[in-house]
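*Asks:* Whatever this is, show me its structure:
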Amino acid sequence: MPSTLRTIAAAAAVLSFGAFAAGCGGGASGADSRQDLDLQPIAAPGPDPFTRSTAESAATPAPATPSAPGGTAQPSAVPAARPVSGSTPGLYGGTQSVASCDVEKQIRFLSGDRAKNRAFAGAAGVDPGSVPSFLRGLTPVVLRVDTRVTNHGFRASAATSFQSVLQAGTAVLVDDHGAPRVRCACGNPLKPPGAHQGGWNAKGKPWPGYRADRVVVVRPTTVVIDNLIIVNVVNNTWIERPTGDDGRHDRRRPDIHIDPEPPVPAPVSPPASPSTSPPATSPAPSPDCPSPAPTVTVTPSPPSTPSAPASEPAPSPSGCPRATVTAPPLSPPPSSPSSPPVPEPSSSGDMPAPPTDVPSGVPSSPDYDIYGPSPETENV
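*Replies:* All right, here's what the predicted structure looks like:
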């Protein structure tokens, strides 16, 4: 009997450890894991919405995102999204003096369900009693770029969490650090996207113009923003909207001359294929080549009598390197009254022999002269 109990206890311990390991792994850890990524169009409520839609932007034109080549989206190839600061002018849009979300309706929806209000507060990181003031402190705008976020649903009286991409034109509420905090089409609280080093399984049908390499993540500012500079999506002009305002205090900004195009990242270009042709190299010198003898270029003083022609250097095999240096000019020493007269050159016309030791550090260019240019040169 004791042996049977020990066997049962050991088996239970093994099963418990296996369940713990499976629960901790979660199937989405490690660089090679894959995680689901929900693609959510503008008006789609998505899975397990917190509330009914409070979006008021049905009549607001949605800004277009550039189409993929050939109009084909590639949902399976999801590269890392590019970060954009929440204070970037033109990151958000809206209609002047019109709120994209009904904040008071959102408050009524949550206040009527204590379980949802509590789950919403936990996902948003606020106290359940401060949810109304939290929502009233947010600013209603619309996204102008496809944006990745951490989304939350409501299921079994608790908040769920999942990663999603919200289509440009989606109505959201953003905080005073420029970060999206609520998606108005479903009442879901939002947070910045989670870090993930593995691949993605894109879920849902991509919208026209969706490009995985043009998705951004909003980086909250480290300082409080008092005003958001947004684009009026009706006429493509600039608006200044105070944070926490529903649009009634919007102010036109004709003095801003920035291009109102959305801050869409440039597409990632594939790396250029390496060239298959070998790099061009100079031919190796022949093994029969002698050590290169320097060819010295001398700048002599004008001779009083014609000098004998210089002898040509011995030819080297074809392809052998030559060394060329420039030596200082050969000129007679200056005469003085007390100095004896300078002897005339011999009748044989021999010039003084050039130096056999080439000065070190002298450049090897045949056109270079350390004493400056001279009217004429002669090779000896």
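
*Asks:* all helices for this structure, in order.
*Replies:* According to DSSP state H, the chain carries its helices in the segments 2-25, 103-111, 114-124, 131-136.

*Asks:* Residue 88 contacts residue 265, doesn't it?
*Replies:* No: counting by Cβ atoms under 8 Å, residue 88 does not reach residue 265; the two are 11.9 Å apart. To be clear about C-beta, it is placed using only N, CA and C from the backbone, and glycine gets the same treatment.

*Asks:* Comparing those two, which residue is more hemmed in?
*Replies:* residue 88 (19 against 16; other Cβ atoms under 10 Å).

*Asks:* quick one, what contacts the more buried one?
*Replies:* Applying Cβ atoms under 8 Å, 6 or more residues apart in numbering to residue 88 gives the contacts 178, 263.

*Asks:* From residue 129, how far out is it?
*Replies:* 34 Å (Cβ to Cβ, to the nearest Å).

*Asks:* List the residues that contact residue 220.
*Replies:* Contacts of residue 220 (Cβ under 8 Å, 6+ apart): 86, 175, 177, 178, 179, 192.

*Asks:* ok, the third one - contacts?
*Replies:* Right, residue 177. By Cβ under 8 Å, 6+ apart, the residues touching residue 177 are 86, 220, 221, 222, 223, 224, 225.

*Asks:* how many neighbours does the fifth one have?
*Replies:* The reference is to residue 223. For residue 223, using other Cβ under 10 Å, the count is 9.

*Asks:* Excluding chain neighbours, what is closest to it?
*Replies:* Leaving out its chain neighbours, the residue that sits closest to residue 223 by Cβ to Cβ, 6 or more residues apart in numbering is residue 177, at 7.9 Å.

*Asks:* if I look at that neighbour, how far off is residue 200?
*Replies:* Residue 177 is 26 Å from residue 200, by Cβ to Cβ.

*Asks:* what does residue 143 give?
*Replies:* 20 Å.

*Asks:* returning to that earlier point: what pLDDT does the model give the residue nearest to residue 223?
*Replies:* Residue 177 is assigned 98 on the pLDDT scale.

*Asks:* Repeat that for the one 10 residues further on.
*Replies:* According to the model's per-residue confidence, residue 187 sits at a pLDDT of 97.

*Asks:* Okay, now the unreliable bits of the stretch 151-300 of the chain?
*Replies:* Low-confidence segments of the stretch 151-300 of the chain (pLDDT under 70): 266-300.

*Asks:* Please repeat the previous calculation with a cut-off of 50.
*Replies:* With pLDDT under 50 as the threshold, the stretch 151-300 of the chain has low-confidence stretches at 273-287, 291-300.

*Asks:* Next: the stretch 1-150 of the chain.
*Replies:* Scanning the stretch 1-150 of the chain with the threshold set as pLDDT under 50 gives 1, 5, 8-31, 58-77.

*Asks:* Apply 90 and report the result again.
*Replies:* 1-35, 57-81 (pLDDT under 90).

*Asks:* quick one on the thing from earlier: the residue nearest to residue 223 and residue 148: what is the separation?
*Replies:* On the measure of Cβ to Cβ, residue 177 and residue 148 end up 17 Å apart.

*Asks:* go on, residue 211?
*Replies:* Residue 211 is 13 Å from residue 148, by Cβ to Cβ.

*Asks:* Could you do residue 130 as well?
*Replies:* Taking Cβ to Cβ, one finds residue 130 at 27 Å from residue 148.

*Asks:* more crowded one of the two?
*Replies:* residue 148 (23 against 12).

*Asks:* what residues are up against the more buried one?
*Replies:* Residue 148 neighbours (Cβ under 8 Å, 6+ apart): 37, 81, 163, 164, 165, 166, 193, 215, 216, 217.

*Asks:* same thing with residue 100?
*Replies:* 55, 56, 57, 60, 94, 140, 141, 142, 171, 172, 184.

*Asks:* Check those for burial and list the buried ones.
*Replies:* Buried members of those, scored by 16 or more other Cβ atoms under 10 Å, are 55, 56, 57, 60, 94, 140, 141, 142, 171, 172, 184.

*Asks:* so can I have JSON lines of the residues you listed showing distance to residue 102?
*Replies:* Supplementary listing: those in JSON lines, determined by distance: Cβ to Cβ, whole Å:
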{"residue": "55", "distance to residue 102": "8"}
{"residue": "56", "distance to residue 102": "6"}
{"residue": "57", "distance to residue 102": "10"}
{"residue": "60", "distance to residue 102": "14"}
{"residue": "94", "distance to residue 102": "14"}
{"residue": "140", "distance to residue 102": "8"}
{"residue": "141", "distance to residue 102": "14"}
{"residue": "142", "distance to residue 102": "14"}
{"residue": "171", "distance to residue 102": "10"}
{"residue": "172", "distance to residue 102": "13"}
{"residue": "184", "distance to residue 102": "8"}
